[in-house]
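# When you get a sec, could you give me coordinates for this:
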Amino acid sequence: MLTKIAGLLPASVKLELRRLNYRRQIKNGVFRSPEIEFDRLGELISHGDWVIDVGANVGHYTRRFSELCGNGRVIAFEPHPLTFSLLARISHRG
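Now for the predicted structure:
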């Protein structure tokens with residue numbers, strides 16, 4: 001039912017609802033990727049490392065990279081303008 005209603009909303013409202021949903025997930029600590037390798041990132045990234053996330057999407061990996069590298073640095077690149085706007089808003093307001 002909600003999916004049908006959401007489908008009728010303007011694109012700008014849908015974008016904002018997605019942003020709010022991702023932000024809620026981050027705040028509650030449940031924002032993550034379902035991919036198997038996501039749970040193995042700690043084997044590859046250490047505190048102080050620098051990581052480049054190409055095709056960052058909305059930040060599933062970007063957020064995890066940030067947690068793992070601590071005082072290191074994460075550089076995230078997302079070429080799609082709408083997806084980038086979600087990533088940028090989530091990253092700065094998390």
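
# Which helix or strand contains Asp53?
Using DSSP states H and E, the element containing Asp53 is strand 50-54.

# Also compute the angle for the next helix or strand after that strand relative to strand 50-54, please.
Later in the chain than strand 50-54, the nearest helix or strand by DSSP H and E is helix 60-69. Calculated by axes from the mean of the first three to the mean of the last three C-alpha atoms, to 10 degrees, helix 60-69 forms an angle of 180 degrees with strand 50-54.

# ok, back up a step: and the strand holding Asp53, which strands flank it?
Using DSSP bridges, the strands paired with strand 50-54 are strand 73-77 (parallel).

# Contacts made by the strand it pairs with with the rest, please.
Residues from elsewhere that reach strand 73-77 (C-beta atoms under 8 Å, 6 or more residues apart in numbering): 50-56, 59, 62, 65-66, 87, 91. Quick note: C-beta positions are derived from backbone N, CA and C, even for glycine.
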